[in-house]
Structures are given as structure tokens and as C-alpha cells.
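Peer 1: what would the 3D arrangement of this be:
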Amino acid sequence: MQRFLSILVLACAPAIAAAAEGLPLADPPAGDVLLVAQPHHDDHTTDHGLGGLVTRFIDEGYKAYFVRGSNDEKDGAHGYPRNDILNLKEAQDAVRILGMEDEVTSLNWRNNFETSYPLNELREQLVFLVRKYKPDAVAGHNAWEHFQKNPGHRNLAWMYEEAYWLAGYRNVYPEQFELGLAPHETYHYFGKARLDWGLGHRPNVAVEISEENVRTKEKAIHAHQNVYSNPAGARAIKARLAEDGLYLPELEDVEDDNAAGNTLLEWHMNWISRFQGEAAGVRYAEEFFYMDEFYHLPGLKKFLSENVKEK
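Peer 2: The predicted structure follows:
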């Protein structure tokens, strides 16, 4: 039986299966296309979610596409032009590892200038992309997470949540139809959040992922060496352990500090997947704030959850 938050009235789909503890589990909805829109090159692969979700959707038969909102010129230590080039290449490498479609759509807004640039133009671009790719589900940040201090996360997510809804209206940006597009409605939004930055709008579902999904997202994060390579951190950890007469067997024979840093990154990715899985009663999971087609109708949603039954 498919676990899913959304109760499809006509199909009499079942309600969510409650997890052993913590968040309920949700499965990908029936569909073919997932559109992921994020402000930065690495946001679809970080420990806080989406890498596992993407691979889980692909396992279910989806095609997944990635939209990069900014040009990432400030993310890295090589100066603006080279950072942009490196981060775009590494984003392309990461989407291939995750199994997403081999293309990255870059909107190239300036990184960390998201508050000042015209949000209506960003929203119009995202409406265009929703109509172009016709996703059955979309994923990004949760714009309404409290204490979201990163303006790129906050503002692109805000415009994306408006865009996937407005894309279904014929009177919204009708000039786009001259390019062969048509209104497209999407009902399922998975938003990730960095809750270590503060509490607030909490996740409401966990998506179970497999060990293979975790391994894939570990490899995908490696692609972002421009920002995640940390050989100095690996050296420092080994040196600190050595001072106390301790060592990590897994790192003992790893002489390349870049490789050691990547191993530590893998451990963190694996740990947080296990941590969120344990809270949901499964081995591995990622947490999201999920909005279904009845999200804006809480009264109807409550009525359906209490009254719809399978035939």
C-alpha cells in the first residue's frame, strides 16, 4: 500500500502510514517528472535533504531536472569568475551521479543579491520552467522555515512556491503561450530546511531512502570539491586523535588528505540519513515539509482524512 500524505478522493488512496515514532512516512506520488529548483549548485545534494529524495523518485521511474538559481560566484576561494565556472561544472557532475537528466538550467542571478533583484522576474522564469517541464512534483527549500538566514534559500523558495501554483492559471503570463507552452498544475511540493539554524516551520513527513540511495548522494556531494574539499579538517582530526594515542582505522591508510576529507563527508551524510531514518522508524530517511493538493484547504483535508476509505 502506498504511503502518501495526499488522500486522492476519486482513487480512494490510503492515508499516510504512521511511522514507529516521529514523522509519518511519505512515498513519491504517481508521476513521471520531478523538477528541483534551488538557488545554489550544491543545494540538491547536501546533508539536509534532496539528494536521497531525488534518487528515490528516480527509482520510482521519474525523470528529474535541476534548476540553479544563482551563478554561485561567491561560493569558493578562486574568485568570482572561476567559482562560477567550477561550481556549474560540479553541479553538472552531481546531477549525473544522482541520475538526473543531463542538463542544468542556470538562471544566473547574482549570489546573495537575491533580496534586491526583482522577485517577480524570478517567479516568471520559474513559472516558465514549470510549464516547460510539466512536473508531477516539485522540490526545493521550505520558504516558510523560520530563521532561514540565507536570502537565496528563502527568496527562490518563496518564488518557486508561488510559481508552481500560478503556472496552472491561463491568465498568468499568457505571453508564454505564444512559445507553445500551456498552463500546468502541480500538486506536490517537497521543501527541505536547515533546522540547525533555528526552529519554526517543522518538517511534516519523512521519505524513506535505501542504502543505495545514501551511497549515491555520498558520491554526489563529492562532486562539489570547490566548496566541500576539506583536507585541512581531515589532517586536524587525525592529529588530534594521535595526541591522545587514538586513531580511526578507516583513515589510517589514507594518505591523501582530500580522500580523507571526502570520507569524513561520507560519514556525515550517512549519519544524518540514519538519524532522520531512526526518528521515522526506518533505517535511512530525509525530512521535508510537504504540501499536497489539499494543503490550502485544511478543513477539507481533515474531513477526507477522517472519512475516505478504500472500497
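
Peer 1: quick check: most distant residue from the centroid of the protein.
Peer 2: The centre of the chain is farthest from one residue, residue 245, which by C-alpha atoms, centre = their mean lies 40.3 Å away.

Peer 1: now do the helices in the protein.
Peer 2: Taking DSSP state H as the test, the helices found in the chain are 51-59, 80-98, 119-133, 151-166, 211-222, 225-228, 231-243, 249-252, 257-280, 298-307.

Peer 1: out of those helices, which is closest to residue 289?
Peer 2: helix 151-166 (10.3 Å; C-beta to C-beta). All C-beta spots, glycine's among them, are computed from the backbone N, C-alpha and C.

Peer 1: show residues contacting the closest one.
Peer 2: The contact list for helix 151-166 (C-beta atoms under 8 Å, 6 or more residues apart in numbering) reads 37-40, 43, 69-70, 111-112, 114-115, 119, 122-123, 126-127, 129-130, 135, 138, 140-143, 148, 172, 186, 189, 191, 194, 291.

Peer 1: just the ones of those residues in strands?
Peer 2: The strands, defined by DSSP state E, take in 37, 38, 69, 70, 138, 140, 141, 189, 191, 291 from the contacts of helix 151-166.

Peer 1: which of those residues sit farthest apart?
Peer 2: Largest separation among the ones in strands among the contacts of helix 151-166 by C-beta to C-beta: 70 and 291, giving 24.0 Å.

Peer 1: who has more neighbours out of those two?
Peer 2: More neighbours surround residue 70 than the other of residue 70 and residue 291, with 26 against 22 (other C-beta atoms under 10 Å).

Peer 1: tell me how far the residue nearest to the more buried one when sequence neighbours are not counted lies from residue 274.
Peer 2: Counting by C-beta to C-beta, 6 or more residues apart in numbering, residue 70 lies nearest to residue 111, which is 4.2 Å off, once chain neighbours are set aside. From residue 111 across to residue 274, the span is 32 Å (C-beta to C-beta, to the nearest Å).

Peer 1: before we move on, what about residue 62?
Peer 2: From residue 62 to residue 274 the distance is 25 Å (C-beta to C-beta).

Peer 1: and these two? which has more neighbours close in?
Peer 2: Shown here are residue 62 and residue 274; by other C-beta under 10 Å, residue 62 has more neighbours (21 against 15).

Peer 1: verify the stated contact: the more buried one with residue 32.
Peer 2: Yes. Using C-beta atoms under 8 Å, residue 62 is in contact with residue 32, at 6.2 Å.

Peer 1: what's near enough to touch the most centrally placed residue in the chain?
Peer 2: By C-alpha atoms, centre = their mean, the chain has its centre lying nearest to residue 50, at 2.9 Å. By C-beta under 8 Å, 6+ apart, the contact list for residue 50 reads 36, 38, 43, 44, 139, 192, 286.

Peer 1: ok, those vs residue 226, which is closest?
Peer 2: The closest of those to residue 226 turns out to be residue 43 (C-beta to C-beta; 14.3 Å).

Peer 1: what average pLDDT does stretch 48-66 get?
Peer 2: For stretch 48-66, mean pLDDT is 94.

Peer 1: in it, what counts as buried?
Peer 2: Across stretch 48-66, burial judged by 16 or more other C-beta atoms under 10 Å covers 48-58, 62-66.

Peer 1: repeat that for stretch 208-222.
Peer 2: By 16+ other C-beta under 10 Å, the buried positions in stretch 208-222 come out as 208, 209, 213, 214, 216, 217, 218, 219, 220, 221, 222.

Peer 1: specify which member of the residues you listed is nearest to residue 178.
Peer 2: residue 220 (37.6 Å).

Peer 1: contacting residues around the closest one?
Peer 2: Counting by C-beta under 8 Å, 6+ apart, residue 220 touches 45, 51, 94, 97, 98.
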